[in-house]
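Peer 1: Quick one: sequence plus predicted model below, questions after.
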Amino acid sequence: MKPQTIEKTAKAAPQQIKIAIVEDQPDVRENWSRLINSFPDFDCVCACLSGEEALREIPKHRPSVVLMDIFLPRMSGIECTAQLKELLPETQIIILTAMNDKELIFLALQAGADGYLLKRTKPADLHRALLDVVAGGSPMSSEIARRVVESFRRKAKDVDKSLKLSAREEEILVLLSRGYPNKAIADQLNLSVETIYSHLKRVYEKMHVHSRTEAVIRYLDSQGKTSMGTLLD
Amino acid sequence: MRLGLQSNALVRPRGFCGRRKRLFVQEALKIIFALLLGCISTKSAHASTSERGDEFSTYHLAAVPPDATNGLGSWIWTDNAYDLQTCRLWKEFDIPHGTKATSARMKMTVDDGYQLFLDGRELGQGAEWRCLTEYDLTLLLSPGHHVLAVNCFNNLYLAGLIMDLSIQLSNGKRLDIKSDSSWRVVPENEKNWEKLKHARAEWPTAAIQDETKRQPYYSAGRWPDDYMRVPRFQALVIPFWQTGWFHLLLASVCGLVLMVCVMLSFQLALHAKEQHFLNLERARIARDIHDDFGTQLTRLVLEGEVAQNELSDQAKVKLHFSRISDGLRQALETMDEVLWAVNPRRDTVGDFVTYVCEYAQTFLQTTSIQCLLEVEPDMPLLHFDLPLRRSLLLAVKEAITNAAKHSGVTTLLLKIHRQEDGLAVVVQDDGKGFDSSQTRSERHGLGNMVQRMHEVGGQCAIISRPGKGCRVEFSIPLMRQRPRFRWPIFHLRTLNRKSKSAVPQTPEVAVKTNLEA
């Protein structure tokens, strides 16, 4: 099937930010693109219905942000994220998930995603999250921060230095994991909130580099278990 | 909010009854083993100190007294004697009630050998007719019925038993039992004859032998050649644990306990199986809710939002649409909670920690309270049964709600860490506090928390003083997940199937292998 390029009713303003969507259910896909097109500063340029199609079509449009569903037929959203990130390192990928499953979200983040959103997020929150990501980083929840710190500590031995967390990054993550909001962390460390964001962005990148393939493998593993009937999702 | 968490009527608190049963089986088997060991050792001790052993060793020969042959009866035997013959002779008598034997001596010998029983107890043996043996039976002859049974053996030519039992009674009377024709001969087909209490009517009487034939064999015209005294027999006291009925009782008790053990083990096995099926079923329900219900709701939320967006200015309709969307969102949140409870994949400590932290943060987001977390890194992937995690979650929720309502603070600390064999959760604020020693625990739902924790074997401590904040500590024991025993043969089969199906398994096949494992 050909990718659906949504015709815009309004004229595309030059500063509009390009968004792509990967979602297999047609009505959901359409509603997402309508919703995004309803934001004046965003433009949905490409809506794909499978991971394979996304890898083919999205690079042509070079969007700033990709909204990626986790559960896709054949190639999963996590696998697609990993491959897409190789093709378009500048593009920010946000995982869409129906359920708040931290394990899966963490896997997606390791695979190269730059953030995640629940599918039931309010339009206003969606808008803000998109702006955040474009501005240079997505906020990190304390739970994810905790997992990031743990995963980096676990592999501290066998990774070369450039991929380790810097002291400052770890400091920020630990404070995040303890529930402090970004503002409070910025105050405590005498940094601006923007600096905090840029540190977090760097953390995401480091995480992607040394765990992308591993995340895909782990996802495939967990899929295997799912089919055994012991796991959900 | 609770709606979701109460939907686990499916789940049994298996942890506790299972543990108790397993303990019972272990302990009972230990005790049975000890009892059997004890029984065997007393049995063997009993055998080694049996009444004959030492007494034979203290037999001693004495000089033949001049009156050795006084009072002896006649030589008796069956009607005809032949070589290599066995003959069982029998005599019953009574000691009158109300009297006591003050002395009872029995002299006897048999040509050629014998085995002597009194009331079924073997007292001695002899193998030389020229030697007269004296037994002291004083302590054995209690008032009542007694039986002398002698298993005799003739080697060659002449045969006979000769004896005299002279009893002095406490009432001054004498009782004299001699070998004579009142003795009976027990037929060979009689089993356990030495233990019988009464002679049967058809048993023939003994025949008196001609003594003159024997005379030529007396050495120098005298008889007997030797005289042997056997020390006085002690009345046999059988301790209760050596009696037959006790052994029977013990055996039946052991049997009963063993049966109970087997039954309990069976139940445990059944339970494990049930639990396994239950988990499969929970997984299926979770999957169904998620796939069918959740996806549909999510779609509707989106649909509502888009519809709302695209309505131009019909404010009223817009409001309704936004209500629909919000309602659906809430439904999804509730569903998340249901899923958390139902999904067996969530039965781990790590997942519990994630869930509690997120709950606290989301809950306090709507208030002005900042929630700080202190979580021990790398929580183990220990199994955390649903009833436990559910109770702990509800209790922690209550503590957080209380703190948010009453403490008047701006930050709340949630600490989760491991204990020796359990998990500890602390909810701490530095707010107004109250006097925890004074406050009746019914207030503030404090009693509720304590009760909840007690129900699942955990503890809850509330420490607070006015102006010093409040600290609620929960602790709950965790069971180590034991590796499940798998029959090697099934295990191999599962492996085979796995390696064969390199392509992703269909759920049906996978479930089957799971069941077999």
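Peer 2: Received, thanks.
Peer 1: Report the buried residues of the helix or strand containing residue B:450.
Peer 2: Assigned by DSSP states H and E, residue B:450 belongs to helix B:446-455. The neighbour-count check on helix B:446-455 (16 or more other C-beta atoms under 10 Å in any protein chain shown) flags B:446, B:449-450, B:452-453 as buried. Every residue, glycine included, has its C-beta placed from N, CA and C.
Peer 1: same question, stretch A:34-51
Peer 2: A:34-39, A:42-51.
Peer 1: mind showing which ranges of the stretch 401-517 of chain B have poor pLDDT?
Peer 2: Low-confidence segments of the stretch 401-517 of chain B, defined by pLDDT under 70: B:436-445, B:479-517.
Peer 1: actually chain B, not the one I typed
Peer 2: For chain B, the ranges with pLDDT under 70 are B:1-18, B:39-60, B:313-314, B:380, B:436-445, B:479-517.
Peer 1: mind listing the helices for it?
Peer 2: Here chain B has its helices, by DSSP state H, at B:2-5, B:14-48, B:53-57, B:244-288, B:295-310, B:315-342, B:349-365, B:386-402, B:446-455, B:488-500, B:507-516.
Peer 1: burial of residue A:28, as a residue count?
Peer 2: Residues lying near residue A:28 (other C-beta atoms under 10 Å in any protein chain shown) number 20.
Peer 1: Would you mind giving the secondary structure of it?
Peer 2: Following DSSP: H, G, I helix; E, B strand; the rest coil, we place residue A:28 in the helix state.
Peer 1: wait, what's in contact with the closest residue to residue B:260 other than its chain neighbours?
Peer 2: Nearest non-adjacent residue to residue B:260, counting by C-beta to C-beta, 6 or more residues apart in numbering or on different chains: residue B:28, 7.0 Å away. Residues near residue B:28 by C-beta atoms under 8 Å, 6 or more residues apart in numbering or on different chains: B:257-258, B:260-261.
Peer 1: for the buried residues of helix B:446-455, which one is nearest chain A?
Peer 2: residue B:449 (22.3 Å; C-beta to the nearest C-beta).
Peer 1: pretty sure the closest one is touching residue B:461, no?
Peer 2: No - if you go by C-beta atoms under 8 Å, residue B:449 and residue B:461 don't touch, sitting 10.0 Å apart.
Peer 1: Mutual contacts of these two, please.
Peer 2: Common neighbours of residue B:449 and residue B:461 (C-beta under 8 Å, 6+ apart) are residue B:472.
Peer 1: ok, residue A:170 to residue B:218 distance?
Peer 2: With distances taken as C-beta to C-beta, to the nearest Å, residue A:170 is found 117 Å from residue B:218.
Peer 1: Who has more neighbours out of the two?
Peer 2: Between residue A:170 and residue B:218, counting by other C-beta under 10 Å, residue A:170 is the more crowded of the two (17 against 12).
Peer 1: isn't the more buried one right up against residue A:149?
Peer 2: Yes - between residue A:170 and residue A:149 there is a contact under C-beta under 8 Å: 6.6 Å.
Peer 1: can you count the residues close to residue 101?
Peer 2: Going with chain A. 22.
Peer 1: that's the wrong chain, I meant chain B
Peer 2: 19.
Peer 1: quick one: residue B:70 from residue B:101, how far?
Peer 2: In terms of C-beta to C-beta, residue B:70 sits 19 Å off from residue B:101.
Peer 1: just for chain A, where's the confidence low?
Peer 2: For chain A, the stretches with pLDDT under 70 are A:1-14, A:137-138, A:155-163, A:209-233.
Peer 1: interface residues of the stretch 201-350 of chain B facing chain A?
Peer 2: Proximity of the stretch 201-350 of chain B to chain A, by C-beta under 8 Å from any C-beta of the partner chain, involves residues B:279-280, B:283-284, B:286-287, B:290, B:294-295, B:297-299, B:301-303, B:305-306, B:309-310, B:325, B:328-329, B:332, B:336, B:339, B:343-345.
Peer 1: Please check these and keep the buried ones.
Peer 2: For those, buried by 16+ other C-beta under 10 Å: B:279-280, B:283, B:286-287, B:290, B:294-295, B:297-299, B:301-303, B:305-306, B:309, B:325, B:328-329, B:332, B:336, B:339, B:343-345.
Peer 1: Tell me which helix or strand the residue lying closest to residue A:126 once chain neighbours are set aside sits in.
Peer 2: Distances taken as C-beta to C-beta, 6+ apart place residue A:117 nearest to residue A:126, at 6.5 Å, with adjacent residues excluded. Using DSSP H and E, residue A:117 maps to strand A:115-118.
Peer 1: so the next helix or strand after that strand versus helix B:315-342, what angle?
Peer 2: Downstream of strand A:115-118, the next assigned helix or strand under DSSP H and E is helix A:123-136. If you take axes from the mean of the first three to the mean of the last three C-alpha atoms, to 10 degrees, helix A:123-136 sits at 70 degrees to helix B:315-342.
Peer 1: right, and the helix or strand after helix A:123-136?
Peer 2: According to DSSP H and E, the helix or strand after helix A:123-136 is helix A:142-154.
Peer 1: what comes into contact with that next one?
Peer 2: With C-beta under 8 Å, 6+ apart as the criterion, helix A:142-154 contacts A:102, A:105-106, A:109-110, A:140, A:164-165, A:170, A:173-174, A:176-179, A:203, A:206-207, A:211, B:354, B:357-358, B:361, B:373, B:375, B:377-378.
Peer 1: check contacts around the closest residue to residue B:159 other than its chain neighbours.
Peer 2: Distances taken as C-beta to C-beta, 6+ apart place residue B:81 nearest to residue B:159, at 3.9 Å, with adjacent residues excluded. Contacts for residue B:81 (C-beta under 8 Å, 6+ apart) come out as B:154, B:157-160, B:209.
Peer 1: looking at these, which has the most residues close by?
Peer 2: residue B:160 (27 neighbours).
Peer 1: which of the helices of chain B is buried the deepest?
Peer 2: helix B:386-402 (a mean of 22; mean count of other C-beta atoms under 10 Å in any protein chain shown).
Peer 1: what's it packed up against?
Peer 2: helix B:2-5, helix B:349-365, strand B:411-418, strand B:422-429, helix B:446-455, strand B:470-477 (3 or more C-beta pairs under 8 Å, 6 or more residues apart in numbering or on different chains; DSSP states H and E).
Peer 1: Make JSON lines from those and add distance to residue B:177 to it.
Peer 2: Converted to JSON lines, the helices and strands packed on helix B:386-402 look like this (distance: least, C-beta to C-beta, whole Å):
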{"stretch": "helix B:2-5", "distance to residue B:177": "90"}
{"stretch": "helix B:349-365", "distance to residue B:177": "86"}
{"stretch": "strand B:411-418", "distance to residue B:177": "85"}
{"stretch": "strand B:422-429", "distance to residue B:177": "80"}
{"stretch": "helix B:446-455", "distance to residue B:177": "78"}
{"stretch": "strand B:470-477", "distance to residue B:177": "76"}
